[in-house]
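K.L.:
Quick one: sequence and predicted model below, then my questions.
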Amino acid sequence: MENSRIVIDGTGLTCAQVARAAREDVIVAIDPSGLERARSAWRVAREVADAQPVYGRTTGVGANRVVDVEWEDADAHGLRLLRSHAAGAGPLIAPEIVRAMLAVRLNQLAAGGSGVEPGALQALADVLNLGLLPPVPVYGAIGTGDLTALASTALCLLGERAWLAGPDGAPERGPGFTLRSSDALAFISSNAATLGESALAVTDLRELLAASTVVAALSHFAVRASEEPYAPAVHDACPHPGQREAAAAMRALLAFERAAPARIQDPYGYRAFPQVHGPALEAAGYAEAVVTREVNAAAENPLVDVAGHTVWHNGNFHTAYVGLALDTARAALFQTMALSAARLGTLAEPSFTGLYPFQGATEASSGIMILEYVAHSALADVRRLATPAALGSAVLSRGVEEHAGFSTQSARATTDAVAAYRIGLGCELVAAARALRMQGRAPAGGPLKAAHDQAAAVLDPRVEDRPLDDDIAVAADLLPRLARVQGYGS
């Protein structure tokens with residue numbers, strides 16, 4: 001029963017839990033400690049705002065920070081702020097990203113730095129549990145706050161906008177919540193949508209990187225490659241952690257295979273696998289650590305300091321760490337995906353497989369020829385998406401907000417790059433499994449045999465020329481199971 005429940009406390013939310021809240025049928029509950037932190041911050045925020053200027057509570061926002069809000073206008077000021085900022089554009093983002101945003105913002109509020117009235121926590125939990133979504137367009141954020149997305153959410157809570165519900169996204173009136181005018185900026189001043197998408201992307205990326213090692217091992221077995229490149233002495237001599245991890249995983253997967261290698265030295269797709277895949281493992285691990293830290297941070301501006309009974313105006317809204325970490329992960333992903341495409345090339349070569357060219361049913365058959373085109377098409381997109389979002393910047397709000405890291409765009413690019421990587425890796429898996437079937441060979445035991453058997457059970461065994469699009473889709477869907485074969489997520 002606990003597996004169907006996620007408890008939000010403001011301190012311990014993982015990227016994997018964000019993914020579960022976004023994609024699975026789970027109940028989201030709030031830990032009392034999170035509610036108490038939010039309640040304490042709410043009290044302090046009101047008391048401090050009664051005694052001194054507080055950005056967004058007693059003043060305007062952006063360049064209007066120098067304008068005081070008169071007390072007789074205080075009730076209307078927050079509502080105007082929400083209405084003016086709920087101006088995103090373009091198509092709506094995917095429902096799972098919206099749910100991830102709601103889970104992240106709920107956890108951030110439970111961290112106790114926003115000063116938002118604590119009833120907002122239960123309101124967000126209710127929305128998640130009822131399957132309601134605010135309409136959130138793609139365009140509107142640049143990594144310094146998902147203001148448009150959260151303003152739209154706030155208007156839904158207030159009943160001014162309809163929630164979207166059901167598989168067709170039909171408008172629906174849901175449970176309302178009276179968000180106080182003074183809490184308007186505090187509610188929307190967050191990167192929850194960017195962080196939610198980032199959490200989904202790094203969760204998927206780490207899973208696919210684990211699966212990639214299994215697929216690479218199947219290709220290695222299919223072409224009778226040498227295990228020398230994975231020897232401990234090699235990686236003790238150049239001890240990068242990710243490189244060592246990749247080599248150890250390959251040794252474990254190939255532990256039951258004792259056939260002599262076909263060549264004294266293999267192409268880079270096999271020989272340099274640890275050195276290229278290792279950086280991707282490290283980059284993805286670092287990105288996950290950065291996103292997890294942000295998801296559990298009270299990264300609010302102003303930050304309500306309960307212990308010091310004050311507020312601090314600050315720059316924690318800037319997600320430079322997240323954007324740069326994701327930019328790095330995509331660059332590393334391109335490198336290891338290029339090796340996957342290179343291994344796919346060897347699987348089409350008779351000198352590596354002992355089969356007809358392209359694993360054809362006859363010498364004149366096209367076989368898996370088209371898989372290389374598909375894989376390189378996906379690789380080209382990953383190369384395009386690997387351009388660092390952090391190379392851009394912006395000067396906004398009459399010059400007082402003069403920098404942006406574009407982590408929102410980095411998160412979106414990572415989502416798209418991971419999707420393309422899944423396709424490319426699926427192509428390699430189809431080719432490796434087909435080569436082994438045509439060779440009449442299978443791994444002798446251990447996790448590699450388990451992976452081979454799973455692939456053989458779901459992939460079409462026919463080798464005559466035919467459309468391979470279904471094969472690619474089936475292989476791509478199998479990748480999460482192959483990651484578990486290697487122990488990912490256990």
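P.N.:
Right, received. Where do you want to start?

K.L.:
wait, is G90 part of a strand?
P.N.:
Yes: per DSSP: H, G, I helix; E, B strand; the rest coil, G90 lies within a strand segment.

K.L.:
can you give me the offset of the strand or helix carrying W42 from its chain's centre?
P.N.:
Using DSSP states H and E, W42 falls within helix 32-51. On the basis of Cα atoms, centre = their mean, to the nearest Å, helix 32-51 sits 32 Å off its chain's mean C-alpha point.

K.L.:
what bits of the stretch 51-200 of the chain have low per-residue confidence?
P.N.:
Within the stretch 51-200 of the chain, the stretches with pLDDT under 70 are 56, 58, 60-75, 175.

K.L.:
Could you pull out the helices in it for me?
P.N.:
For the stretch 51-200 of the chain, the helices defined by DSSP state H, counting those that start in this stretch cover 74-85, 95-111, 119-130, 147-157, 184-188, 192-222.

K.L.:
Go ahead and name everything in contact with the fourth one.
P.N.:
With Cβ atoms under 8 Å, 6 or more residues apart in numbering as the test, helix 147-157 has contacts from 81-83, 85-88, 93, 98, 101-102, 105, 120, 123, 127, 132, 134-137, 140-141, 161-163, 174, 176-177, 179, 184, 187-190, 192-193. To be clear about C-beta, it is placed using only N, CA and C from the backbone, and glycine gets the same treatment.

K.L.:
Now do that helix against helix 119-130, angle only.
P.N.:
Helix 147-157 runs at 80 degrees relative to helix 119-130, counting by axes from the mean of the first three to the mean of the last three Cα atoms, to 10 degrees.

K.L.:
With distance to T11 and mean neighbour count added, can I get the helices of the stretch 51-200 of the chain in CSV?
P.N.:
Shown next, in CSV, are those (distance: least, Cβ to Cβ, whole Å; neighbours: other Cβ atoms under 10 Å):
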stretch, distance to T11, mean neighbour count
helix 74-85, 28, 17
helix 95-111, 7, 26
helix 119-130, 14, 19
helix 147-157, 21, 26
helix 184-188, 19, 27
helix 192-222, 15, 28
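
K.L.:
can you redo these as a markdown table with distance to T336?
P.N.:
Shown next, in a markdown table, are the helices of the stretch 51-200 of the chain (distance: least, Cβ to Cβ, whole Å):
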| stretch | distance to T336 |
| --- | --- |
| helix 74-85 | 40 |
| helix 95-111 | 25 |
| helix 119-130 | 35 |
| helix 147-157 | 32 |
| helix 184-188 | 38 |
| helix 192-222 | 7 |
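
K.L.:
of the ones you listed, which approaches A450 most closely?
P.N.:
In terms of Cβ to Cβ, the element of the helices of the stretch 51-200 of the chain nearest to A450 is helix 192-222, at 9.3 Å.

K.L.:
List the buried residues in the helix or strand just after the closest one.
P.N.:
Note on helix 192-222: by DSSP H and E, the next helix or strand toward the C-terminus is helix 232-236. Judged by neighbour count using 16 or more other Cβ atoms under 10 Å, the buried positions of helix 232-236 are H235.

K.L.:
and stretch 455-463, how far apart are its ends?
P.N.:
In stretch 455-463, first residue to last residue: 15 Å (Cα to Cα, to the nearest Å).
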